[in-house]
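[1] pasting the sequence and the predicted coordinates here, then a few questions.
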Amino acid sequence: MKLKLRLQGQYMLVTFALAVVMTLTSAAVHLWLASNHSQRLLHELTVQNSKTFRTELSKRAEQMSSYLSKSMFDPLYMYNLEEAGYLLEPLLQMDELKSLVVFDKKGHVFHDGDPSLKMLGRNLPFAYDVSAVLSQGQRVHNFSDERLVIIRPIQAADEIIGGIYMEFSLDKVDRDIANMATLIESTNDRSQKALYLGVLGAAVLLLSFSALMAAIISRHWSRPLVKLTEQAESIGRGDFKLAQA
C-alpha cells in the first residue's frame with residue numbers, strides 16, 4: 001500500500017510539475033507579447049494624435065490667414081487703420097495666436113492689433129525675410145517645436161501690396177497631446193489589469209485541471225508497477241499463487 005501511494009505521488013508530482021512549468025511559461029509569453037503590443041500601440045496612437053492636433057492647427061491657421069489676406073486688401077490699400085483694427089480684433093482674442101502683424105509692400109508694420117499703433121511704420125519685429133513674399137507672392141508655412149509661423153501676401157490679381165505674419169503657439173496643442181496620451185495610458189493600464197486577471201484566472205483553472213488529470217494518470221500508470229512489485233515480493237516469500245494470477 002505504501003509503495004502504491006509512493007509511486008502515485010511521484011507520478012502525480014512529475015505530471016503536475018510539467019503542467020505548472022508549461023502553464024507559467026505560456027502565461028509569461030502571452031503577457032510579454034501583450035505588453036509589447038500595447039506599448040507599440042500606445043506609441044503609435046500618441047504619434048498619430050500629435051500629427052492630428054498639429055494638422056488641425058495648421059488648417060485653422062491657413063483658413064485664418066487666407067481670410068485676412070483677402071479682407072485686408074482694402075484697408076491696407078486705403079490705409080484705413082480703423083477698419084484693419086476692427087478686422088484683427090476677433091482673431092487676437094484667440095489663445096493660440098501669439099503674434100499678428102500686417103505689413104506693407106516696403107516691409108513696414110501697418111497694424112499689429114495694438115490700438116496705440118506704436119509699431120506703425122517700423123521695421124518688422126520678426127526675423128523672417130519677407131522679400132520673396134512681397135516680390136513673388138510666396139507663402140511661408142513653418143512648424144517648429146514651439147510655434148507655427150505663416151506668412152502670406154496681400155494681393156489682388158497680380159498686385160501685391162503687403163503681407164500678413166501670424167505666429168501660433170503650440171502650448172495648447174502640446175497640452176491636448178499630453179491629455180490624450182494620459183487618457184490612452186489610463187485606458188491601456190485598465191486593459192492590462194483586466195488581461196492579467198484573465199490570465200491568472202485561466203492559469204488557476206488550468207492548474208486545477210492539471211492536478212486532477214495528474215492524479216488520474218498517476219493512478220493508471222502506477223497500477224502495473226505496483227502489481228509487478230507485489231508479485232515479485234510474493235515470489236520472494238515463496239508464494240507463487242499471486243505470481244500465477
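    Nice, I can see it. Numbers count the residues shown, from 1 in each chain.

[2] helix or strand for Ile67, which one?
    Slight slip there: residue 67 is Tyr, not Ile. helix 2-71 (DSSP states H and E).

[3] C-terminal to that helix, what's the next element?
    For helix 2-71, the following helix or strand on the C-terminal side (DSSP H and E) is helix 73-78.

[4] quick check: Ser169 vs Gly201, distance?
    Look at Ser169 and Gly201: by C-beta to C-beta, to the nearest Å, they are 49 Å apart. C-beta coordinates here come from the backbone N, C-alpha and C atoms, glycine included.

[5] quick one: low-confidence residue ranges for this structure.
    1-20, 27, 30-31, 34, 195, 199, 203, 206-207, 209-245 (pLDDT under 70).

[6] residues contacting the spatially most central residue of the chain?
    Centroid-nearest residue in the chain: Thr46, 2.6 Å away (criterion: C-alpha atoms, centre = their mean). For Thr46, the contact set (C-beta atoms under 8 Å, 6 or more residues apart in numbering) comprises 177, 180-181, 184.

[7] please state the offset of stretch 148-159 from the chain centre?
    Centroid separation between stretch 148-159 and its chain, computed with C-alpha atoms, centre = their mean, to the nearest Å, is 37 Å.

[8] could you list the buried residues of that stretch?
    148-155 (16 or more other C-beta atoms under 10 Å).

[9] and these as a markdown table, adding distance to Ile161 and secondary structure?
    Converted to a markdown table, the buried residues of stretch 148-159 look like this (distance: C-beta to C-beta, whole Å; DSSP: H, G, I helix; E, B strand; the rest coil):
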| residue | distance to Ile161 | secondary structure |
| --- | --- | --- |
| Leu148 | 25 | strand |
| Val149 | 21 | strand |
| Ile150 | 18 | strand |
| Ile151 | 15 | strand |
| Arg152 | 13 | strand |
| Pro153 | 9 | strand |
| Ile154 | 6 | strand |
| Gln155 | 7 | strand |
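
[10] between those, which is closest to Phe73?
    Ile154 (5.5 Å; C-beta to C-beta).

[11] so who does that closest one touch?
    Contact analysis of Ile154 by C-beta under 8 Å, 6+ apart lists 69, 72-73, 76, 102, 160-164.

[12] so what's it bridging to?
    Gly162 (DSSP bridges).

[13] ok, back up a step: and of the contacts of Thr46, the nearest to Gly137?
    Ile177 (33.8 Å).

[14] quick one: what helix or strand has the closest one in it?
    helix 171-236.

[15] quick one: secondary structure of the residue nearest to Met119 when sequence neighbours are not counted?
    Distances taken as C-beta to C-beta, 6 or more residues apart in numbering place Val109 nearest to Met119, at 4.3 Å, with adjacent residues excluded. Following DSSP: H, G, I helix; E, B strand; the rest coil, the label given to Val109 is strand.

[16] burial count for Val109?
    A count of neighbours around Val109, defined by other C-beta atoms under 10 Å, yields 20.

[17] and the gap between the closest residue to Asp95 other than its chain neighbours and Glu62?
    Once flanking residues are discounted, Asp95 sits nearest to Lys172: 6.1 Å by C-beta to C-beta, 6+ apart. Distance of Lys172 to Glu62, given as C-beta to C-beta: 17 Å.

[18] which of Ser169 and Gly201 has more neighbours?
    Between Ser169 and Gly201, Ser169 has the larger neighbour count (other C-beta under 10 Å), namely 17 against 10.

[19] beta partners for that one?
    Here Ser169, judged by DSSP bridges, has bridge partners Arg147.

[20] identify the residues contacting the residue nearest to Met119.
    101-103, 119-125.
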